[in-house]
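Undergrad: A predicted structure for the sequence below; I have some questions about it.
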Amino acid sequence: MKQAILTIKENEALTASVFRMRLEGDPGERPGGFVNLAVPGLFLRRPISVCDYADGELTVIYKVVGRGTDALSRMRAGEKLDALCGLGNGYDLAAPCEAPLLVGGGVGVPPLYYLAKELIKQGKKVSVVLGFNTADEVFYENEFRARGCAVTVATADGSYGVKGFVTDALPDFCDYYYACGPMPMLKALYSAAPIPGEMSFEERMGCGFGACMGCSMQTKNGPKRICKEGPVFKKEELLW
């Protein structure tokens, strides 16, 4: 973990409630990790997953759900943010697979973009399934396609792509999966995909670096902190 002052380069809406923020700085991030941003005027930091990192530019995508993220959405280019960086354990880029599947639901989609980039660099054939409630909520489909991923989108109401959930849109073949999204989606995927994988959990956090124990969960290996030992856990660790 390290602390950095990052300068906002861009803060734009992708949908009615989802924003993409590009930050200038060199925090050094990895796929599946997150940063903990201090929001001016509020006590607790906001943990946000890393969507991309390259050439001294960090990209995060967040959904406006409360005071903190609403305040972030109102910030403009040139303003600065205090960030705790390099948090979380990240995805295992050395997992034994040739055709990995990336499954994201809602704001669980962003960390998979950076992961897809790194897997493609390794020569992997990457498939992506993105799940949303409606067509109006879809984002980053084209960005994944531009990287060379095979992309399928599912919407719960059928207004775009496959009607249903991510489990209704799984490809015929993949040998490993990486996932991030809400708990019901992760549980459904756990049962629907009988292959090895790992999942990144979304959770409210206090400190973000393992001190307060506020985001602990039980695993087969005892209690683990989502912010420290997670947010990514191997499928075989989970008590489902």
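TA: Alright, I've got the coordinates.

Undergrad: Please verify my assumption that Pro110 contacts Tyr53.
TA: No. Checked against Cβ atoms under 8 Å, the pair Pro110 and Tyr53 is beyond contact range at 11.7 Å. Using the backbone N, CA and C atoms, a C-beta is placed for each residue, glycine as well.

Undergrad: Please identify which of those two sits among more neighbours.
TA: Taking neighbours as other Cβ atoms under 10 Å, Pro110 and Tyr53 compare with Pro110 leading, 27 against 23.

Undergrad: Tell me how far that one lies from Gly214.
TA: 23 Å (Cβ to Cβ, to the nearest Å).

Undergrad: longest strand in the chain, by residue count?
TA: strand 2-13 (DSSP state E).

Undergrad: how about it: buried residues?
TA: Ala4, Leu6, Ile8, Asn11 (16 or more other Cβ atoms under 10 Å).

Undergrad: Make CSV from those and add distance to Glu237 and pLDDT to it.
TA: CSV is the format used below for the buried residues of strand 2-13 (distance: Cβ to Cβ, whole Å; pLDDT from 0 to 100):
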residue, distance to Glu237, pLDDT
Ala4, 31, 92
Leu6, 32, 96
Ile8, 36, 98
Asn11, 36, 98
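
Undergrad: Quick check: of these, which lies closest to Leu37?
TA: Closest approach to Leu37 among the buried residues of strand 2-13 (Cβ to Cβ): Leu6, at 8.4 Å.

Undergrad: I'd assumed Lys80 was in contact with the closest one.
TA: Yes. Under the criterion of Cβ under 8 Å, Leu6 makes contact with Lys80 at 6.7 Å.

Undergrad: where's the residue lying farthest from the centre of the chain relative to Met183, distance?
TA: Most distant residue from the mean C-alpha position of the chain: Gly41, 25.8 Å away (Cα atoms, centre = their mean). In this view, Gly41 and Met183 are 30 Å apart by Cβ to Cβ.

Undergrad: cool, Cys97 as well?
TA: 24 Å.

Undergrad: what about those two, which has more around it?
TA: Cys97 (21 against 12).

Undergrad: who's in contact with the residue farthest from the centre of the chain?
TA: Neighbour list for Gly41: Ala71 [criterion: Cβ atoms under 8 Å, 6 or more residues apart in numbering].

Undergrad: Am I right that it sits in a helix?
TA: No. Looking at Gly41 with DSSP: H, G, I helix; E, B strand; the rest coil, it is coil, so not inside a helix.
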